[in-house]
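**Student:** Need coordinates for the following:
(chains A and B)
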Amino acid sequence: MSLVRATVRRDLLLAARNPGEWANPLMFFLMVAALFPMAVDPNPEFLAKIAGGVIWVAALLATLLSLDSLYRADVEDGSLEQWLASGESLYAMSLGKALVHWCISGLPLTLMSPLLGVMLHLPEEAYFALFISLAVGTPVLSLLGAVGAALTASLRSGGLLLALLILPLYVPVLIFAASAVYHAGIGMAYNGQVAMLGAMLALALALTPFAAGAALKLNLSR
Amino acid sequence: MTPQQGAQQTLLSASDLYCERDDRVLFEGLALSITDGELIQLAGPNGAGKTTLLRLLAGLNRDFEGQLLWHDVPLMTVYPEYAGNRLYMGHLSAVKKSLTALENLRWLTAQDRPSEKQLWEALEHVALAGYEHTPCLQLSAGQQRRVALARLKISRAPLWILDEPFTALDKDGVSWLEGELQAHVSNGGAVIITSHHALEGIPGLRRLELGGVV
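**Tutor:** Residues are numbered from 1 along each chain as shown, chains lettered A, B, ... in the order given. Next up, the predicted model:
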């Protein structure tokens, strides 16, 4: 476990040294929300209806943007080889990597979402739903995305392939999360959708690190 | 003490190894065993399969036929134990450019749980005293290699598997590393190394020539 802990610590340190890594997706997130009202009908009633969906699509794409580099640097500089050589559980390793990824992508997105809500005239009743759906949904995005990043880690330009592999898996998260925000906005119950997101998170926590670990092994067994 | 206990122990043995890459046979029927106090240098021209063999012996590459034994037990069944007892350094040094020498070494040696003092001493050993807090970006290729090599001072693993460790080292670095290899071997450790560097005067040195005839 010592190497897992050291890797989490090192990755957080790396993120602190290279702020571009996590700031770029965040800027992207902000820009989508800033530009959207200019391109469509800026009427608050119209924006209130689509706000939840727009914020969620932006969050999803911002996550995708930051995924590409998740494992690439580790493959290129030999860190991944050292993990494999360490004999430590790849499950714990990939789980650690995905959690670090969430801390530097999903977590800031979640914390910033109320601001975007204001920009898009999100109905007051929907703020909590937006926040909770992002808090539960973005870790799922990180965990699923880590599998795709692991599969495409040794490809030089795996970005497009990564998107093709991962987007279909993101769709259920998007549907339930956006629907939770929408229903909260019109004053209906949304706990069913959030429960579904929670179930997806539990499933992703349990299973995706296995898949990511196996994919990483494939990268190196040549 | 019975003579048996005093006898050298076979750490790692391989028999009947067969490996091909891209329809080209790299080696077949290859047998190798290493006991404590031995240093095996794999030699051969570029593309002869030295790194492939090394990765295979390190347990990283599982795409081969043949048998690998660690203390007479199939290696893959005791892989975590084996991993704790052998140090593998590939030709990629796993040094992150934006982290300092100390931070890099801390990660590289995380499994050995060294104290801060040990880390500082190890860096001093590889002539990087004063560079502890310098980002590796600002270090030369040779100095980055030294950061990676500093873990040899910290590791307690009896078996070292090193892939071209002399790359980018200057004269002092080369003689330091030769001294480290010699000390490790005479302390009962074992080393498997690929290098084009002529290793001389190390007791227990054996050379294994890999084919390379294409």
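**Student:** Spatially nearest residue to residue A:153 (excluding sequence neighbours)?
**Tutor:** residue A:71 (3.9 Å; C-beta to C-beta, 6 or more residues apart in numbering or on different chains). C-betas here are computed from N, CA, C, even on glycine.
**Student:** Pull out the buried positions in whichever strand or helix holds residue A:107.
**Tutor:** Residue A:107 is located in helix A:106-119, with elements delineated by DSSP states H and E. Under the neighbour-count criterion of 16 or more other C-beta atoms under 10 Å in any protein chain shown, helix A:106-119 has A:106-110, A:112-114, A:116-117, A:119 buried.
**Student:** Quick check: the residue nearest to residue A:153 touching residue A:93?
**Tutor:** No - using C-beta atoms under 8 Å as the test, residue A:71 is too far from residue A:93 to be in contact (10.5 Å).
**Student:** Common neighbours of those two, please.
**Tutor:** Residues touching both residue A:71 and residue A:93 (C-beta atoms under 8 Å, 6 or more residues apart in numbering or on different chains): residue A:216.
**Student:** Would it be right to say that residue B:33 lies in a helix?
**Tutor:** No - applying DSSP: H, G, I helix; E, B strand; the rest coil, one finds residue B:33 to be strand, outside a helix.
**Student:** So for residue B:46, what's the pLDDT?
**Tutor:** With respect to pLDDT, residue B:46 scores 85.
**Student:** Equivalent analysis for residue B:213, please.
**Tutor:** For residue B:213, pLDDT reads 45.
**Student:** Summarise which helices and strands the longest helix along chain B is packed against.
**Tutor:** Selection of the longest helix in chain B by residue count, based on DSSP state H, yields helix B:171-186. If you count contacts as 3 or more C-beta pairs under 8 Å, 6 or more residues apart in numbering or on different chains; DSSP states H and E, helix B:171-186 packs onto helix B:141-149, helix B:151-154, strand B:190-194.
**Student:** Generate TSV for the ones you listed, with mean neighbour count, distance to chain A and mean pLDDT as supplementary columns.
**Tutor:** Below are the helices and strands packed on helix B:171-186 laid out as TSV (neighbours: other C-beta atoms under 10 Å in any protein chain shown; distance: least, C-beta to the nearest C-beta, whole Å; pLDDT from 0 to 100):
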stretch	mean neighbour count	distance to chain A	mean pLDDT
helix B:141-149	21	9	93
helix B:151-154	22	10	93
strand B:190-194	25	14	93
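**Student:** Let's have the ones you listed in CSV, adding distance to residue A:204.
**Tutor:** Output for these, formatted as CSV (distance: least, C-beta to C-beta, whole Å):
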stretch, distance to residue A:204
helix B:141-149, 35
helix B:151-154, 35
strand B:190-194, 41
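**Student:** Of all those, which one comes closest to residue A:202?
**Tutor:** Checking the helices and strands packed on helix B:171-186 against residue A:202 by C-beta to C-beta gives helix B:151-154 as the closest, at 38.5 Å.
**Student:** got a list of contacts for the closest one?
**Tutor:** Counting by C-beta under 8 Å, 6+ apart, B:87, B:89, B:105, B:108-109, B:112, B:114, B:118-119, B:121-122, B:125-126, B:160, B:180, B:184 sit against helix B:151-154.
**Student:** repeat that for 10 Å
**Tutor:** Residues from elsewhere that reach helix B:151-154, judged by C-beta atoms under 10 Å, 6 or more residues apart in numbering or on different chains: B:87, B:89, B:93-94, B:104-105, B:107-109, B:111-115, B:118-119, B:121-126, B:157, B:160, B:162, B:165, B:176-177, B:180-181, B:183-184, B:191.
**Student:** Show me how far it is from its chain's centre.
**Tutor:** Relative to the chain's own centre, helix B:151-154 is displaced by 11 Å; criterion: C-alpha atoms, centre = their mean, to the nearest Å.
**Student:** Give me the buried positions along the helix or strand residue B:15 falls within.
**Tutor:** Per DSSP H and E, residue B:15 falls inside strand B:10-21. Buried residues in strand B:10-21, counting neighbours by 16+ other C-beta under 10 Å, are found at B:10-14, B:17, B:19.
**Student:** Also stretch A:24-44?
**Tutor:** Here stretch A:24-44 shows A:25-26, A:28-30, A:32-33, A:36-37 as buried, counting by 16+ other C-beta under 10 Å.
**Student:** which one among those gets closest to residue A:135?
**Tutor:** Nearest member of the buried residues of stretch A:24-44 to residue A:135, counting by C-beta to C-beta, is residue A:29, at 15.2 Å.
**Student:** who's in contact with the closest residue to that closest one other than its chain neighbours?
**Tutor:** Residue nearest to residue A:29 in three dimensions, not counting chain neighbours: residue A:62, with 4.3 Å by C-beta to C-beta, 6+ apart. For residue A:62, the contacting residues are A:24-32, A:105-106, A:108-109, A:138, A:141, by C-beta under 10 Å, 6+ apart.
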